[in-house]
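Peer 1: Pasting a predicted model and its sequence here:
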Amino acid sequence: MSIYLDNAATTKPCREAVKAACDCMEENFGNPSSLHRAGLAAQLAVDNVRKIIAKAIAADPSCIYFTSGATESNNIALIGAAGAYGKRKPKIITTSIEHSSVEKTMEYLEQNGFEVVRISPDRNGMISHEQIINAVDESTCLVSMMMVNNETGYILPVRRSFYGIKKLYPQCVTHCDAVQGFMKMPFKVSELGADIISFSGHKVHAGKGVGGLYVKKGIRLEPRIFGGGQEKGIRSGTENVPMIASLGAAVKALNASVSERYKKAEELKAKLCAKISAIDGIYINSHEDASPYIINISVPGIRSEIMLHFLEERNIFVSSGSACSKGAKSGVLKEFGINDNFADSALRISTSHETTATELSKLISSIQEAMETLVKA
Ligand code: PMP
């Protein structure tokens, strides 16, 4: 039996999600754009998932759009909003700890004449809402801020920042990459103050290649993908109906227990951190009040990849930094003030509601075994 502790990279699809995708492929394979009954059935299935997602974040179903995942959602949101609102307001505010699908899109926008201001964490590795709000001015068209950092679990002050911004500059568009918070911590769109929210299916026990956007009524996005005009023209292309069905089934299965699962994750994290604190040579990089689902640690002296493969041999799967960077040295950890020695040996442990205390105990004893054998070697 393997111990899977890389849930920030991807999650195991739940039984409900697998069944919904299979049922859809076997029995509801129509194209939602077709005018006959088979098309209508597929369209109804997609619209039903729109309702499920909308209910989960207290939004109107007409504000939910499906994409191929959060990378596409972030690209559509940022390029789309900058295109629609940035003609005379070329400034964009974001943070220096965003996922590459935001950071690389910001680089693209910079190459296209926008001024991007990246707010870095302070000496304590924190970003305050004042830092964000103070960076916004009359010439700012867009602010983008993630909900939970995917490498350390740091929870950003999105709500306070967006409220402050909207008070001063109601026309400024706010976007939140909520991938690591969606279905993990409860939030309502009305309370977040975000005009646009990105989410992904495969981080919430649905299939890969599906995600979406919440776009507040009245917010315009200049399209980037042209074609049949699906998803009200924001994202042309035939909808991935089976994976959308899997997303609906996963969200339906998880939605009632978001707070309960968060509490359980907190308890597990507390136990894990207590164990780590009692061992010399292992350090916790994540903040105490970070998301309980992501715990970033360092074992200085043992490079991340070496430890990762040592654990893999014992059927324990963790990540070195961010899975998206494929083991490349993480610039984000540096932004958090984590020094090279710690960053080179950083491991990301990311749990799910299926993780047990026994699994985490096995992880710790295996890390200790590595410290005894590898450091001496
Ligand atoms: N944003 C964040 C914070 C993420 O963690 C990820 C996935 N690593 C993405 C965006 C991209 O999501 P997807 O894999 O669905 O494209």
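Peer 2: Happy to help now that I have it. What you see is a predicted model, and the numbers here were worked out from it, not measured in a lab. Residues are numbered from 1 along each chain as shown.

Peer 1: Around the ligand, pick out the residues from the stretch 151-300 of the chain.
Peer 2: Applying C-beta under 6 Å from any ligand atom, we find that the stretch 151-300 of the chain lies next to the ligand at Asp177, Val179, Gln180, Ser200, Gly211. Using the backbone N, CA and C atoms, a C-beta is placed for each residue, glycine as well.

Peer 1: Which strand residues bridge the fourth one?
Peer 2: So the one you mean is Ser200. Applying DSSP bridges to Ser200 yields these beta-bridge partners: Gly211.

Peer 1: list the contacts for it?
Peer 2: Ser200 sits next to Gly69, Ala70, Ser73, Val179, Phe182, Val210, Gly211 when contact means C-beta atoms under 8 Å, 6 or more residues apart in numbering.

Peer 1: Relative to Glu260, which of these is nearest.
Peer 2: Glu260 has its nearest neighbour among the contacts of Ser200 in Phe182, at 16.3 Å by C-beta to C-beta.

Peer 1: before we move on, back to that, of the contacts of Ser200, closest to Gly153?
Peer 2: Taking C-beta to C-beta as the measure, Val179 is the one of the contacts of Ser200 closest to Gly153, at 12.5 Å.

Peer 1: quick revisit: among the residues of the stretch 151-300 of the chain next to the ligand, which pair sits farthest apart?
Peer 2: Maximum pairwise distance among these (C-beta to C-beta): 12.8 Å, between Gln180 and Gly211.

Peer 1: Common neighbours of those two, please.
Peer 2: Residues touching both Gln180 and Gly211 by C-beta under 8 Å, 6+ apart: none at all.

Peer 1: hmm, back to that, in helices only, show me the contacts of Ser200.
Peer 2: Among those, DSSP state H puts Ala70, Ser73 in helices.

Peer 1: need the helices for the chain, in chain order.
Peer 2: Applying DSSP H to the chain gives helices spanning 15-27, 37-56, 70-85, 100-111, 129-135, 158-168, 189-192, 241-255, 258-277, 304-313, 331-335, 340-343, 357-373.

Peer 1: Quick check: which of these is nearest to Asp6?
Peer 2: Asp6 lies closest to helix 304-313 among these, at 9.7 Å (C-beta to C-beta).

Peer 1: got the contact list for that closest one?
Peer 2: 299, 317-321, 327, 344-347, 363, 366-367, 370, 374.

Peer 1: sorry, back to before: now tabulate the helices of the chain in JSON lines and tack on distance to Ser62 and mean neighbour count.
Peer 2: Shown next, in JSON lines, are the helices of the chain (distance: least, C-beta to C-beta, whole Å; neighbours: other C-beta atoms under 10 Å):
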{"stretch": "helix 15-27", "distance to Ser62": "22", "mean neighbour count": "17"}
{"stretch": "helix 37-56", "distance to Ser62": "8", "mean neighbour count": "17"}
{"stretch": "helix 70-85", "distance to Ser62": "17", "mean neighbour count": "24"}
{"stretch": "helix 100-111", "distance to Ser62": "25", "mean neighbour count": "17"}
{"stretch": "helix 129-135", "distance to Ser62": "29", "mean neighbour count": "17"}
{"stretch": "helix 158-168", "distance to Ser62": "21", "mean neighbour count": "19"}
{"stretch": "helix 189-192", "distance to Ser62": "13", "mean neighbour count": "16"}
{"stretch": "helix 241-255", "distance to Ser62": "16", "mean neighbour count": "25"}
{"stretch": "helix 258-277", "distance to Ser62": "23", "mean neighbour count": "16"}
{"stretch": "helix 304-313", "distance to Ser62": "44", "mean neighbour count": "16"}
{"stretch": "helix 331-335", "distance to Ser62": "35", "mean neighbour count": "20"}
{"stretch": "helix 340-343", "distance to Ser62": "44", "mean neighbour count": "16"}
{"stretch": "helix 357-373", "distance to Ser62": "42", "mean neighbour count": "16"}
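
Peer 1: now these as JSON lines including mean pLDDT?
Peer 2: Below are the helices of the chain laid out as JSON lines (pLDDT from 0 to 100):
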{"stretch": "helix 15-27", "mean pLDDT": "98"}
{"stretch": "helix 37-56", "mean pLDDT": "98"}
{"stretch": "helix 70-85", "mean pLDDT": "98"}
{"stretch": "helix 100-111", "mean pLDDT": "98"}
{"stretch": "helix 129-135", "mean pLDDT": "98"}
{"stretch": "helix 158-168", "mean pLDDT": "98"}
{"stretch": "helix 189-192", "mean pLDDT": "94"}
{"stretch": "helix 241-255", "mean pLDDT": "98"}
{"stretch": "helix 258-277", "mean pLDDT": "96"}
{"stretch": "helix 304-313", "mean pLDDT": "96"}
{"stretch": "helix 331-335", "mean pLDDT": "92"}
{"stretch": "helix 340-343", "mean pLDDT": "92"}
{"stretch": "helix 357-373", "mean pLDDT": "96"}
